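Participant: I would like the atomic coordinates for the input below:
(chains A and B)
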There are 2 protein chains.
Amino acid sequence: MSTKKFPYNIEPWVTTDEHVEYTTNIFKVLKRDMRIESENHAATFSILDAPDWINVIALTPDNKIVLVEQYRYGTEVLTLELPGGVCDPGESPFESSKRELLEETGYSSEEWSSLGKVSSNPAMQTNHTHTYLAKNCIKTAEQQLDGNERINVHVLPLADFLDLVKTGEVDHSLVVAAIAKYLLIEGVG
Amino acid sequence: MSTKKFPYNIEPWVTTDEHVEYTTNIFKVLKRDMRIESENHAATFSILDAPDWINVIALTPDNKIVLVEQYRYGTEVLTLELPGGVCDPGESPFESSKRELLEETGYSSEEWSSLGKVSSNPAMQTNHTHTYLAKNCIKTAEQQLDGNERINVHVLPLADFLDLVKTGEVDHSLVVAAIAKYLLIEGVG
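Facilitator: Alright, predicted model coming up:
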């Protein structure tokens, strides 16, 4: 499964058993029994299992970025974020990205590229978060929101948004990670 | 609690009740009852509650970065990451950063600065991850690892590390987010 190639030296742990301990509508908690074979050392870890997630860096023809304002239940604050969400069953990350951008903002694009993916949290989560870049986005539809979604769309100059990331006003880790990929792949400015 | 100041427009949800549903040694799952007062709209969300986390961008006098290789139980792969960990009870994020860098790598620094914090996942987590920059790091001690920790230290040219982030070889979202803060605050290169 791993395509990693950095010259790693450590002996991988081996998973000997796992089962679902607890289920919610957005994740499951697994108990995973693991061991280091050569040491005969075993331990059990709590793991969060969830579908993959996506987010989208959506730029307009005049280099503004399309953003979503929403209330976040974990930190109990309003946030400004990239459009994004959960990959539905059977849906590719690219399909999810097109769908979420359109549903949350009404914007669409004909010019998509992948900025790769990150592990949402390799220490304790199974899933990954994929980032797509959509250029020349235009508003082609109205929002279509789920039952608990209340989203305001903001369109800001990209430089202003990067400044909000720099100051910490924009602070969703998966959004900030997407910006790193953008800066490294697309270049700064 | 929030110090956010972007001109947000949406009505915040109000938390009406919460309780711990499930406990592990690294996080608790809360059930949080929330409502939008003006709409009389209520819902219950599953929230992950954990202590704050930290990571450290540790640079040597010759502009190399001090990294940790370890096996990650969530994604079941070896990873290359920034040193980091969990804030112990009563410990400030800065104290945690100094401790984790020393314990995991044996390196220490006299030149620390904050790169701010991110929300680990505002949609479903309560906690934040703080990033510190440590310059002129030198090796002053041996590693001191916890029972399940097996860590190899790597010291790479910073540019090589940034390239591993760009290609996705380094993919821990909280590490990639820390790099965004570094690029935006300290400048690229």
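Participant: A:Trp53 and chain B: what is the separation?
Facilitator: Separation of A:Trp53 from chain B (CB to the nearest CB, to the nearest Å): 9 Å. Placement of C-beta: from N, CA and C, glycine included.
Participant: That residue is in contact with A:His130, isn't it?
Facilitator: Yes: here A:Trp53 reaches A:His130: they are 7.5 Å apart, a contact under CB atoms under 8 Å.
Participant: anything in contact with each of the two?
Facilitator: By CB atoms under 8 Å, 6 or more residues apart in numbering or on different chains, A:Trp53 and A:His130 have these common neighbours: A:Cys87.
Participant: which parts of the helix or strand hosting A:Arg35 are buried?
Facilitator: Following DSSP states H and E, one finds A:Arg35 within strand A:28-36. Buried residues in strand A:28-36, counted by 16 or more other CB atoms under 10 Å in any protein chain shown: A:Val29, A:Leu30, A:Arg32, A:Met34, A:Ile36.
Participant: Which strands border that strand, and is each parallel or antiparallel?
Facilitator: Strand A:28-36 sits in its sheet next to strand A:14-23 (antiparallel), strand A:41-49 (antiparallel), going by DSSP bridges.
Participant: Please identify the buried residues of the last one?
Facilitator: Of all the residues in strand A:41-49, those buried under the rule 16+ other CB under 10 Å are A:Phe45, A:Ser46, A:Ile47, A:Leu48, A:Asp49.
Participant: go on, stretch A:146-154?
Facilitator: For stretch A:146-154, the neighbour count (16+ other CB under 10 Å) marks A:Arg150, A:Ile151, A:His154 as buried.
Participant: Now do the strands in chain A.
Facilitator: A:14-23, A:28-36, A:41-49, A:53-58, A:64-72, A:77-81, A:84-86, A:107-108, A:111-119, A:128-135, A:138-139, A:152-157 (DSSP state E).
Participant: right, so those strands: which one is the most enclosed?
Facilitator: Comparing the strands of chain A on average neighbours per residue, with mean count of other CB atoms under 10 Å in any protein chain shown, the densest one is strand A:53-58 at a mean of 27.
Participant: Tell me which strands that one pairs with, and in which orientation.
Facilitator: Looking at strand A:53-58 with DSSP bridges, what it pairs with is strand A:84-86 (antiparallel), strand A:128-135 (parallel).
Participant: want to try JSON lines for the ones you listed, with mean pLDDT as columns?
Facilitator: Shown next, in JSON lines, are the strands paired with strand A:53-58 (pLDDT from 0 to 100):
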{"stretch": "strand A:84-86", "mean pLDDT": "98"}
{"stretch": "strand A:128-135", "mean pLDDT": "98"}
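Participant: Dump the ones you listed into CSV; add distance to A:Ser97 as well.
Facilitator: Listed next are the strands paired with strand A:53-58 as CSV, based on distance: least, CB to CB, whole Å:
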stretch, distance to A:Ser97
strand A:84-86, 8
strand A:128-135, 4
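Participant: Just put the strands paired with strand A:28-36 in CSV and tack on mean pLDDT.
Facilitator: Converted to CSV, these look like this (pLDDT from 0 to 100):
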stretch, mean pLDDT
strand A:14-23, 98
strand A:41-49, 98
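Participant: Identify whichever of those lies nearest to B:Ile65.
Facilitator: Nearest to B:Ile65, of all those, is strand A:41-49, at 27.6 Å by CB to CB.
Participant: the inter-axis angle of the closest one versus strand B:64-72?
Facilitator: Calculated by axes from the mean of the first three to the mean of the last three CA atoms, to 10 degrees, strand A:41-49 forms an angle of 90 degrees with strand B:64-72.
Participant: ok, residues contacting strand A:41-49?
Facilitator: Residues from elsewhere that reach strand A:41-49 (CB under 8 Å, 6+ apart): A:16, A:18, A:20-21, A:27-36, A:121, A:124-127, B:24-27, B:48, B:73-74, B:147-148.
Participant: ok so, going back, the strands of chain A: which one's closest to A:Glu95?
Facilitator: Short answer: strand A:53-58, nearest of those by CB to CB, at 9.3 Å.
Participant: hey, what's the spatially most central residue of chain A bridged with?
Facilitator: Nearest to the mean C-alpha position of chain A, counting by CA atoms, centre = their mean, stands A:Thr129 at 3.6 Å. As for beta bridges, A:Thr129 partners with A:Trp53, A:Val118 under DSSP bridges.
Participant: per-domain residue ranges of chain A.
Facilitator: A:14-49, A:53-186 (automatic domain parsing).
Participant: show me what contacts the nearest residue to A:Val66 once chain neighbours are set aside?
Facilitator: The shortest distance from A:Val66 to any residue other than its chain neighbours is 4.0 Å, reached at A:Ala58 (CB to CB, 6 or more residues apart in numbering or on different chains). Taking CB under 8 Å, 6+ apart, we find A:Ala58 in contact with A:Ile65, A:Val66, A:Leu82, A:Pro83, A:Leu101, A:Thr105, A:Tyr107, A:Ser109, A:Ala134, A:Cys137.
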